Structure formats: structure tokens, C-alpha cells
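1. fold the following, please.
(2 chains)
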Amino acid sequence: MLEVHNLTVAYGGVVALDDVSFSVPDGSITTVLGANGAGKTTLVRAISGLAKARHGSVLLGGSELLGRAPEAIARLGVGHVPEGHGIIGELTVDENLRLGGLWRRERGEQRTAIDEAYELFPPLLTRRRLQASHLSGGERQMLSIGRALVGRPVALLLDEPSLGLASNLLALIMRRLKALVTSRALTVLLIEQNARSALSVADQAVVLSLGQVAMIERADRLAGDDALRHAYLGF
Amino acid sequence: MHLLVIYTVDGVVNGMVYAAVALALVMIWRATRVVNYAQGAMAMFTTYIALVAIQHGATYWLAFVIALLAGFVIGAVTERVLVRPVESRPPLNAVILTLGVLIVLEAVAPMLFGGQTQSFPVPVSNVDIVVGSTDLNVSPFALFTVGAVIVAMLVLFVVFQRTTLGLRMRAAAFNPEIARILGIRVGRMLTLGWGLAALLGALAGLLAAPATLLYPNNMDEVLVLGFTGAVIGGLDNPVGAVIGALAVGLALSYVSGYIGSDVAPLGGLVILIAVLMVRPQGLFTLGRQRQV
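-> Numbering: from 1, shown residues only, chains lettered A, B, ... in the order given. Prediction:
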């Protein structure tokens, strides 16, 4: 379980996240929705250690993540697919994937995890020796998710994976993700602007507005209730 | 024709020393986006350490190893203690800092080792090899110089391209933030990178000293020429830097041979200024800039 308690993050004097609390049960997807500037990216960056929290607590399986370095948080089982995918264009596809599991000691385990990533996203296999900068947008997103999975994370943070993706490709990636959540009891935090696609896979939705939690609701209920959806998401 | 051969051999041998310095500068530039102006002074310092070891009875080869290790330590400590704290500040801070290290090392060296010029030994003869009655225009030490730098480059190439440690170091250099969320200890990788670069610089110092002689400023000109080579090749491009440094070595050898040795250092500066004016990104970068 990923628990966020009273998380507050400020840049200089500007409060980006204000007393945010929610939790993501094991083997489920929680989507975080909200307009630009609502604090969605700040939330994932605070969880993975890239943004300093002013106060609050983030627990993964009971251990505190706040105050640790990003590399330590990754080693505790947090996989982060950053905004704009964050693949390293100068390295090959295979090197990018290997990076995801390098901190693990067991070589055999690493290789299996990389093979699984290729199985999950077959287009990557034919391009494995290619420099990652030559990939298309969809392939980059696959590589970024595949790379995070190679680290065998307990919790996976996805920051707007839909950005720049064709809708059929996005649907494919979401289906793969959903299958993983069930088979591995993966805990997923899915940041999205594309609320429609996020609600179709998520179990729970957290709506952020100007850095505060506006609503926490079951995803199917939010998707099905026109008045609620219109009030909070504007569609 | 005969002179051309002599000048070319000289140019390649000197060029390999500049190439070692150029490659060290490129390694640090790629890892931390800092031009390490103290690279030459660090190499001078480690060569003095080797000389002291020899004066205390060490063999050349033991002193050689000691100097390389000292280089690694000086580089790693500089990154960890001095560069790390200014990492998040404007890049100029780190540049001024390496200039400070340069000044301190060149001021401390005469206090510790004496300011007078000293000769530095060669491990093998530096007299031209003669086969029958033909002078081959190349000495065993010249061959050793070229060979040592090539071996060092090959080792670094294998480490960076073929090992997981190298993959980690490249990831840390290309995108530190992404490397960190993948669990890579970026700080350690940067320290290691500075250490390896200074080790390579120490090698250049050992190879240059027999010719330049050893004094607190003996590596200044080598640093400028190595930097010129690196700029010609593009500071981001290791292969380009080596080619650039060899080109500088050849150009200076021809200038000093055909025009006069006093104008040679001037020739290096002219090349540097010309490249910076015409193509500041380097000749081998193909205009492809880093993308995010």
C-alpha cells in the first residue's frame, strides 16, 4: 500500500501541494486528475524524492519515503515514469532497459526482467540496438514504462503517459498496464490530463485542484455520474 | 621529404599527450559540464609525486603507478569536496573554482618540491632507434608514449561501452535526474569520473615531463593545447577530441619545424581562437545539439 499523509510541498513561497492525503491499495490503480498547475507532477516528484516536501509523510509498505534520496527510494521499489518519458536518447533501447534494473544484484533476474519488457512491448525488441532518440513517441513511452518495470517496482508512478500518444496506442498500453496490476499486485499511481482514458482503467480517482484534494471517489462512480464528472472534470 | 617524416612523427607523439589531456577534459565536461582548468596543474603535481618517489628509491614503474593513483585520488577528492557543493550553482562558479585549484596547486608545488626546474626520467631510451645505418626517427620512449595513451584509451572505451559500471557512468552524465530515479548513485559516478579523468591527466603529465622538464608551470602549455584539441573535436565527443589533439600536435610540429619553434605556442592559440570564432561547437559535432 502506498499512503500519502498531509503532504505539503512549496517552491519558495508558492505552495504547490497543500495537505494532500490519500492511499493506493496493493494491486490497484489510482488516477490523479486535475488541470495544469493542480500539483499532479509535484505529487509524483515528491513521492520519488525529486521534490522536497515541507512536511507530511509518504509510506510504501509501511516504510517512510520522505527525506530519502531519489536513488534510495527507487531501491525501495518505486518505479517512476516521468513526464515526457525521460528516456536517455544517447543510449540504445537495450541500454535504457538495462538501466532500470542495474541496482539489483542478481544478473539472471535482470535478464528475465528485460526479456519480459520486450515481451510486453514487442516493437522495442526489433529496435533494441537503436539509439533511443530515434524512437517514435509511442515507442518512447513503451520504453519508459518497460524500463521502470525492469526494476520490479512495488509501486509504479506514471506521469501523463498519454501525452502525445495516438488513442489506440494509449488503449493498448493501458490494457497491458491493467494486466500487470492484476498479475503482479502492482500499486499504480497514474497522473493524467486525459481523464476519460484514465478513469476507464483506474479503481480510484483523486481530483486535485490548486494543490488540494478536491475529491476522492471510486473511478467507475465518477465516470458514471454525469453531474459529478461535469462539476469536477468539466466534461 | 625526410624532414616531413621527422616532423610528422614528432607531431603524432606530442599529439598523443595532448589527446590524453583532451580526453580527460571531455570526460569531466560530459559528466559535470565543467571545463577543468586545473587538469594540467593536477598532472604537474602527480608527476612531482612520482619524482619524489623515485628520489626515495622507487623504480620508475612503481613511481608511475603511484602517480596514476595519486591522480585518481586528487580528481575524486576535488569533485567530492570542491565541485559538488557548487553543482547546483551557475556553471561559472565551478569554472572559477577549477581556476582556483590551478592557482593553489601551482603555488603549493614549489613550497613542497622546490621551484627550480628538474629533469624527469624516461623508462626506456629516448634516443632514436637506428636499424643498420637507417635512423627510424622514432625513439623507444616515443613508441612508449603513443602505446601508453592508446592502451589507456582502449581501457576507458571498454569500461564505458562494455561494462555495467560504464553504463551507469554514462547515464549519470547524460541525465543525472533520470539516472537517480532508476536507482543509480549519481554522486559516486561523478566522483569516479573525475578520478578516472585525473588519472588520465596524470599519465599525460608523466609522458610530457621528460621533454618539458618538471617545474610548477610545465603543464600549462600542454593543457592549452589539449583544450584546443578538445574544442576542435567538440567538448562532447571523445573521438573528436583525440583527432583534434592529434591535429594540433601535427600542426604545431610543422609550424615549429618549417617556421620556427618560438612561434609554435602562438600557433596553438591561433588555432584555438579560429575554431572558437568559426565553429565553437567543434568540428565533429555535426551541429547535432543535446536534446532533452
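2. show the pLDDT at the residue in chain B that chain A sits nearest to.
-> Residue nearest to chain A within chain B: residue B:183 (3.5 Å; C-beta to the nearest C-beta). All C-beta atoms are positioned from the backbone trio N, CA, C, and that covers glycine. With respect to pLDDT, residue B:183 scores 95.
3. I'd say it and residue A:77 touch.
-> No: Residue B:183 lies out of contact with residue A:77 (C-beta atoms under 8 Å); the separation is 9.9 Å.
4. these two: who's more crowded?
-> residue B:183 (24 against 18; other C-beta atoms under 10 Å in any protein chain shown).
5. is chain A contacted by whichever helix or strand residue B:149 is part of?
-> Using DSSP states H and E, residue B:149 maps to helix B:140-162. No: Helix B:140-162 lies apart from chain A when judged by C-beta under 8 Å from any C-beta of the partner chain; the minimum separation is 9.8 Å.
6. what helices and strands are in contact with that helix?
-> Secondary-structure packing of helix B:140-162 (3 or more C-beta pairs under 8 Å, 6 or more residues apart in numbering or on different chains; DSSP states H and E): helix B:2-32, helix B:164-174, helix B:186-212.
7. show me what the mean pLDDT comes to for the shortest one.
-> Read it as helix B:164-174. 94.
8. residues making contact with it?
-> Identification of contacts with helix B:164-174 by C-beta atoms under 8 Å, 6 or more residues apart in numbering or on different chains yields A:88-91, A:95, A:98-99, A:102, B:30-32, B:158-160, B:178-179, B:182, B:184, B:186, B:189-190, B:192-193.
9. can you pull the residues that touch both of residue B:183 and residue A:77?
-> Counting by C-beta under 8 Å, 6+ apart, the shared contacts of residue B:183 and residue A:77 are residue A:151.
10. got the residues of the stretch 101-250 of chain B near chain A?
-> So the stretch 101-250 of chain B meets chain A at B:164, B:167-168, B:170-171, B:174-175, B:177-186 (C-beta under 8 Å from any C-beta).
11. please repeat the previous calculation with a cut-off of 7 Å.
-> B:164, B:167-168, B:170-171, B:174-175, B:177-178, B:180-185 (C-beta under 7 Å from any C-beta of the partner chain).
12. which of the residues you listed tops the neighbour count?
-> Neighbour counts for these (other C-beta under 10 Å) peak at residue B:182, which has 31 neighbours.
13. my read: that residue touches residue A:98, true?
-> No: the criterion here is C-beta atoms under 7 Å, and residue B:182 misses it with residue A:98 at 9.9 Å.
14. excluding chain neighbours, give the residue nearest to residue 16 in space.
-> Picking chain A for this. Spatial nearest neighbour of residue A:16, excluding adjacent residues (C-beta to C-beta, 6 or more residues apart in numbering or on different chains): residue A:42 at 4.3 Å.
15. right idea, wrong chain: chain B
-> Spatially, and ignoring its direct neighbours in sequence, residue B:16 is nearest to residue B:149 (4.3 Å; C-beta to C-beta, 6+ apart).
16. contacting residues for the one you found?
-> B:16, B:19-20 (C-beta atoms under 7 Å, 6 or more residues apart in numbering or on different chains).
17. got a winner among these for most neighbours?
-> Neighbour max across the contacts of residue B:149 (other C-beta under 10 Å) = residue B:19, 32 neighbours.
18. enumerate the residues of chain A near chain B.
-> Applying C-beta under 7 Å from any C-beta, one finds that chain A approaches chain B through A:48, A:50, A:70-71, A:74-75, A:80, A:82, A:86, A:88-91, A:95, A:98-100, A:102-103, A:133, A:151.
19. which of these fall in strands?
-> residue A:80 (DSSP state E).
20. buried residues in stretch A:108-117, which are they?
-> Within stretch A:108-117, the residues that count as buried by 16 or more other C-beta atoms under 10 Å in any protein chain shown are A:110, A:113-114, A:117.
21. oh sorry, the question was meant for stretch B:45-60
-> B:45-51, B:53-54, B:58, B:60.
22. tell me the two of those residues that are most distant?
-> Farthest-apart pair in the buried residues of stretch B:45-60 is B:45 and B:60; separation 18.2 Å (C-beta to C-beta).
23. can you tell me the closest non-neighbouring residue to residue B:15?
-> With C-beta to C-beta, 6+ apart, the residue lying closest to residue B:15 is residue B:249, at 2.3 Å.
24. what is the burial count for that neighbour?
-> Neighbours of residue B:249 using other C-beta under 10 Å come to 25.
25. using PDB, list the CA coordinates for the longest helix along chain A.
-> Across chain A, the longest stretch assigned as helix under DSSP state H is helix A:167-184. Output in PDB follows, covering the C-alpha atoms of helix A:167-184 (Å, rounded to 0.1, in the frame of the first residue of the first chain):
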ATOM      1  CA  SER A 167      -5.600   6.900 -28.700                       C
ATOM      2  CA  ASN A 168      -5.300   3.200 -30.000                       C
ATOM      3  CA  LEU A 169      -1.700   3.000 -28.800                       C
ATOM      4  CA  LEU A 170      -2.700   4.500 -25.400                       C
ATOM      5  CA  ALA A 171      -5.500   2.000 -25.100                       C
ATOM      6  CA  LEU A 172      -3.100  -0.800 -25.800                       C
ATOM      7  CA  ILE A 173      -0.600   0.500 -23.200                       C
ATOM      8  CA  MET A 174      -3.400   0.900 -20.600                       C
ATOM      9  CA  ARG A 175      -4.600  -2.700 -21.200                       C
ATOM     10  CA  ARG A 176      -1.100  -4.000 -20.700                       C
ATOM     11  CA  LEU A 177      -0.800  -2.000 -17.500                       C
ATOM     12  CA  LYS A 178      -4.100  -3.300 -16.200                       C
ATOM     13  CA  ALA A 179      -3.000  -6.900 -16.800                       C
ATOM     14  CA  LEU A 180       0.300  -6.300 -14.900                       C
ATOM     15  CA  VAL A 181      -1.600  -4.800 -11.900                       C
ATOM     16  CA  THR A 182      -3.600  -7.900 -11.500                       C
ATOM     17  CA  SER A 183      -0.800 -10.400 -12.200                       C
ATOM     18  CA  ARG A 184       1.900  -8.700 -10.000                       C
END
